[in-house]
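In: coords please:
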Amino acid sequence: MKIFLFLLAMSSTHFFSQKLLTPGNTGIDSRLIKDEVSKAIWYAENAGQKIEIGSITTQLQRLNTTDLLIRTIVEMKQMPNAKWTDSTIVKFSDFSPVYHSSYNSMRDMVLRFGKNTVTGYYLDKKTAKKDLIEIPATGYFDSSSYPALIRFLPLQEKYTAELSIFDYNPNAAKKGIMKAYVQSTEKGNYLNKDVWIVKTTDDISDKTATVTYYIDTTTRRILKQDMETGGRKMSLETVE
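Out: Predicted structure coming up:
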């Protein structure tokens with residue numbers, strides 16, 4: 001009986017546990033990755049109405065035979081002269097991280113991803129306090145790149161996965177390696193296009209925030225994102 005229960009427990013773990021994705025086993029098809037620039041309008045929902053609060057421009061550019069640049073520029077309507085620019089370099093074949101920088105009016109951050117260690121700095125512009133970063137880490141994606149990675153996963157009905165990611169925030173209780181989660185995947189239709197509807201969350205928000213992606217099944221472009229956290233709803237709608 002004990003052997004039977006042990007085998008049952010092992011089989012249950014095998015069939016129901018989610019697959020942990022790292023750069024060594026993404027299953028992505030790099031042929032789907034194309035150079036592109038897209039712009040999405042950022043809306044907040046208030047009393048059932050959509051209010052435009054800004055825009056996000058995303059660029060994917062193959063830099064050479066091995067490296068892919070992912071750059072996002074955030075512009076807020078209330079602060080037209082204060083752009084937020086994030087630049088991430090990953091390996092084209094498997095999204096293993098190389099470099100990440102993030103600059104805005106409040107802080108600057110730079111991360112360099114080594115074989116076993118992440119190094120860099122975080123500069124708080126309000127206090128002029130500069131934290132040097134040196135954290136051991138292996139087998140992960142940069143947290144800024146996993147939303148782009150999701151587009152190129154081997155998506156299918158009921159696809160789920162866990163992703164090992166690295167995130168740094170000096171004010172967060174948890175820094176370094178954590179997880180992101182593909183909670184569900186289903187087929188749908190958006191603007192008369194067949195899409196994968198992929199719902200995600202992560203440990204950065206302690207699983208309190210979700211992002212649902214509407215991904216064109218043919219081009220793998222993100223057509224829309226729905227975001228929800230703490231009862232607040234926002235969306236990003238691609239316009240070009």
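In: Contacts for the helix or strand harbouring residue 39, please.
Out: Assigned by DSSP states H and E, residue 39 belongs to strand 36-46. By CB atoms under 8 Å, 6 or more residues apart in numbering, the surrounding residues in contact with strand 36-46 are 50-60, 74, 221-222, 225, 232-240. C-beta here means a position set from N, CA and C on the backbone, and glycine is covered the same way.
In: Could you do stretch 100-113 as well?
Out: By CB under 8 Å, 6+ apart, stretch 100-113 touches 74, 79, 82-89, 96-99, 118-126, 133, 137, 142, 144-145, 166, 168.
In: before we move on, what about stretch 196-205?
Out: Residues contacting stretch 196-205 (CB under 8 Å, 6+ apart): 143, 146-147, 150, 155, 159, 165, 167, 169, 172, 174, 178-188, 207-215, 217, 229.
In: which of the contacts of stretch 100-113 count as buried?
Out: Listed as buried from the contacts of stretch 100-113 are 74, 84, 86-89, 96-99, 118, 120, 122, 133, 137, 142, 144-145, 166, 168; burial here means 16 or more other CB atoms under 10 Å.
In: So which of those belong to helices?
Out: Per DSSP state H, helices hold no members of these.
In: need the helix or strand of this protein with the lowest average pLDDT.
Out: helix 2-16 (a mean of 37; mean pLDDT, DSSP states H and E).
In: after that one comes which helix or strand?
Out: strand 20-21.
In: Contacts only, for the residue most central in space within the chain.
Out: Geometric centre of the chain, nearest residue: residue 147, 2.7 Å, by CA atoms, centre = their mean. By CB under 8 Å, 6+ apart, the contact list for residue 147 reads 200, 211, 213.
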